[in-house]
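Colleague: please work out how this folds:
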Amino acid sequence: MFLFQKKPKSVSKTVLLNIHWGTEDPFTFVSHHFDNYPKGNAQLAPPLELIRGRNLGRDYQQRFGFRMYHGRVVPGFPMHAHWGYETITIAEKGFVDHFDTEMNYGRFGNGDVQWTLASSKYEHCEMYPLLDQENENPVQITQIVVNLPLERKNAGNRVNNIWAEDIPVIQGDGSRVTVFCGEYCGKSVYSPNEGSWAVAENRVRILRVELDAGSKLDLEPVDDSVIRNVYQTEGKGSKMDGVEITEGTRLKIKTGFGFTIEAGKEPAVFWILEGKPIGQEMARFGPVILDNIDTVRAAMDDIRKNEFLEWKWGVMDVTNPIDMGRELHRADGSVERPGEKE
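Modeller: Numbers count the residues shown, from 1 in each chain. Below is the predicted model:
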């Protein structure tokens with residue numbers, strides 16, 4: 001949906017946001033989830049009376065402040081496939097339990113980021129366990145998908161975490177910039193996965209900017225080859241280049257322009273996604289992005305025929321024990337935790 005309003009000088013297009021955000025090459029998809037889950041029960045799930053009557057398995061209606069998504073017991077996303085791209089899962093609040101067909105499993109959350117490069121067929125589940133059985137379990141998770149060039153598809157899968165303790169955060173005068181990818185103020189982080197497009201030479205950058213009420217931040221122009229979009233997700237009365245913008249708006253930045261973002265009378269949150277486009281024609285359907293429609297159809301047939309046969313974890317919505325910490329378990333038996341180096 002386009003907004004008929006005065007545009008800031010640096011903006012060529014404005015679009016209203018919903019749970020899914022519009023993107024441009026090299027990004028293909030963003031989903032932004034915020035759910036205020038109640039205290040959990042023994043199954044790490046909401047109480048039965050709060051999920052009775054829902055369309056379980058496809059519950060995207062935010063009743064009682066939360067959604068179950070595709071979960072039937074624990075909220076989240078039971079076994080599903082990825083093929084041909086990299087997914088960045090940013091768990092700002094709450095936890096994610098994950099299991100996959102590479103035999104990785106674990107739990108991450110409260111600021112951790114998981115990078116999942118699925119250049120080939122890959123299946124995993126991502127559930128949101130309600131670990132706190134005395135208090136509410138707020139969950140805020142953003143997933144950002146970065147495409148892969150055709151020559152890097154079908155070249156193996158990789159899963160790595162960047163723990164919250166290693167995510168750069170730059171504090172300014174009334175601002176807080178979290179660097180999930182790219183470089184900002186001398187701090188940098190990129191994909192830990194070999195074969196990713198999200199590396200320095202491709203100028204991929206993902207920033208989350210928090211502004212105190214009345215504060216502002218200037219962003220310099222980027223290289224003309226870089227596509228740049230800004231997503232204002234929180235804060236009524238926010239401005240860009242002195243022009244008030246509607247809360248929950250995507251703003252496409254003109255080539256060669258810098259800009260100034262400003263919070264109004266309440267704090268504001270902006271996301272910034274940048275990167276050089278891959279610039280290749282591809283076909284997409286469902287969870288598959290490959291070179292043409294024939295290979296996509298063949299991949300979808302493969303998934304339909306074999307996904308249950310290849311799933312080794314029993315139930316599709318498997319979760320970890322309540323007392324598991326933030327851990328990544330590998331098929332070789334190794335375990336990675338925050339603060340531990342290989």
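
Colleague: and stretch 125-137, end to end?
Modeller: Stretch 125-137 has an end-to-end distance of 20 Å (criterion: C-alpha to C-alpha, to the nearest Å).

Colleague: which residues in the stretch 51-200 of the chain form strands?
Modeller: Remark: strands assigned in the stretch 51-200 of the chain by DSSP state E, counting those that start in this stretch are 76-82, 85-93, 95-100, 105-109, 113-118, 122-127, 137-147, 157-162, 169-171, 175-184, 187-189.

Colleague: quick one: stretch 65-72 to chain centroid distance?
Modeller: Centroid displacement of stretch 65-72 relative to its chain, using C-alpha atoms, centre = their mean, to the nearest Å, is 17 Å.

Colleague: quote the end-to-end distance of it.
Modeller: Length of stretch 65-72, first residue to last, C-alpha to C-alpha: 17 Å.

Colleague: residues touching residue 241, list them.
Modeller: Applying C-beta atoms under 8 Å, 6 or more residues apart in numbering, we find residue 241 in contact with 8-11, 259-260. From N, CA and C alone the C-beta is placed, and that goes for glycine too.

Colleague: what subset of these is buried?
Modeller: 8, 10-11, 259 (16 or more other C-beta atoms under 10 Å).

Colleague: from those, which land in strands?
Modeller: 11, 259 (DSSP state E).

Colleague: now the stretch 151-300 of the chain, which segments are flagged as low pLDDT?
Modeller: Within the stretch 151-300 of the chain, no stretch has pLDDT under 70.

Colleague: and stretch 254-266, what's buried?
Modeller: 257, 259, 261-264.

Colleague: re the thing from before, and the contacts of residue 241 as JSON lines, adding distance to residue 45?
Modeller: JSON lines is the format used below for these (distance: C-beta to C-beta, whole Å):
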{"residue": "8", "distance to residue 45": "44"}
{"residue": "9", "distance to residue 45": "49"}
{"residue": "10", "distance to residue 45": "45"}
{"residue": "11", "distance to residue 45": "43"}
{"residue": "259", "distance to residue 45": "43"}
{"residue": "260", "distance to residue 45": "45"}
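
Colleague: between the residues you listed, which is nearest residue 104?
Modeller: Using C-beta to C-beta, residue 259 comes nearest to residue 104 of the contacts of residue 241, at 39.6 Å.

Colleague: now the closest one. Nearest residue, chain neighbours left out?
Modeller: Nearest non-adjacent residue to residue 259, counting by C-beta to C-beta, 6 or more residues apart in numbering: residue 10, 4.0 Å away.

Colleague: isn't that neighbour right next to residue 256, touching?
Modeller: No - taking contacts as C-beta atoms under 8 Å, residue 10 lies outside contact range of residue 256: 9.3 Å.

Colleague: number of nearby residues for residue 56?
Modeller: Using other C-beta atoms under 10 Å, residue 56 has 14 other residues around it.

Colleague: please produce a markdown table containing the strands of the stretch 51-200 of the chain, extended by distance to residue 34.
Modeller: Converted to a markdown table, the strands of the stretch 51-200 of the chain look like this (distance: least, C-beta to C-beta, whole Å):
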| stretch | distance to residue 34 |
| --- | --- |
| strand 76-82 | 14 |
| strand 85-93 | 8 |
| strand 95-100 | 14 |
| strand 105-109 | 14 |
| strand 113-118 | 17 |
| strand 122-127 | 16 |
| strand 137-147 | 5 |
| strand 157-162 | 22 |
| strand 169-171 | 20 |
| strand 175-184 | 16 |
| strand 187-189 | 24 |
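
Colleague: format the ones you listed as TSV; extra columns: distance to residue 280 and mean neighbour count.
Modeller: Below are those laid out as TSV (distance: least, C-beta to C-beta, whole Å; neighbours: other C-beta atoms under 10 Å):
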stretch	distance to residue 280	mean neighbour count
strand 76-82	19	21
strand 85-93	13	22
strand 95-100	27	24
strand 105-109	31	22
strand 113-118	17	26
strand 122-127	21	25
strand 137-147	9	21
strand 157-162	20	21
strand 169-171	34	13
strand 175-184	21	20
strand 187-189	26	15
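
Colleague: between these, which one is closest to residue 19.
Modeller: strand 137-147 (10.6 Å).

Colleague: parallel or antiparallel, list what pairs with the closest one.
Modeller: Strand 137-147 pairs in its sheet with strand 27-37 (antiparallel), strand 85-93 (antiparallel), by DSSP bridges.

Colleague: Three-state assignment for residue 206, please.
Modeller: At residue 206, secondary structure determined by DSSP: H, G, I helix; E, B strand; the rest coil is strand.

Colleague: could you pull up the residues touching it?
Modeller: 88, 144, 179-182, 271-274.

Colleague: in PDB, list the C-alpha atoms belonging to stretch 143-161.
Modeller: What follows is stretch 143-161, C-alpha atoms only, in PDB (Å, rounded to 0.1, in the frame of the first residue of the first chain):
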ATOM      1  CA  GLN A 143      13.800 -12.700  10.300                       C
ATOM      2  CA  ILE A 144      15.700 -11.300   7.300                       C
ATOM      3  CA  VAL A 145      16.400 -13.300   4.200                       C
ATOM      4  CA  VAL A 146      19.400 -12.600   2.000                       C
ATOM      5  CA  ASN A 147      19.500 -14.200  -1.400                       C
ATOM      6  CA  LEU A 148      22.500 -16.100  -2.900                       C
ATOM      7  CA  PRO A 149      23.900 -15.900  -6.400                       C
ATOM      8  CA  LEU A 150      23.100 -18.800  -8.600                       C
ATOM      9  CA  GLU A 151      26.700 -20.100  -8.600                       C
ATOM     10  CA  ARG A 152      26.500 -20.400  -4.800                       C
ATOM     11  CA  LYS A 153      23.300 -22.300  -4.700                       C
ATOM     12  CA  ASN A 154      23.300 -26.100  -4.000                       C
ATOM     13  CA  ALA A 155      26.700 -25.800  -2.400                       C
ATOM     14  CA  GLY A 156      26.000 -27.000   1.200                       C
ATOM     15  CA  ASN A 157      24.300 -25.700   4.300                       C
ATOM     16  CA  ARG A 158      25.700 -23.900   7.400                       C
ATOM     17  CA  VAL A 159      24.300 -22.800  10.700                       C
ATOM     18  CA  ASN A 160      26.100 -20.400  13.100                       C
ATOM     19  CA  ASN A 161      25.200 -18.200  15.900                       C
END
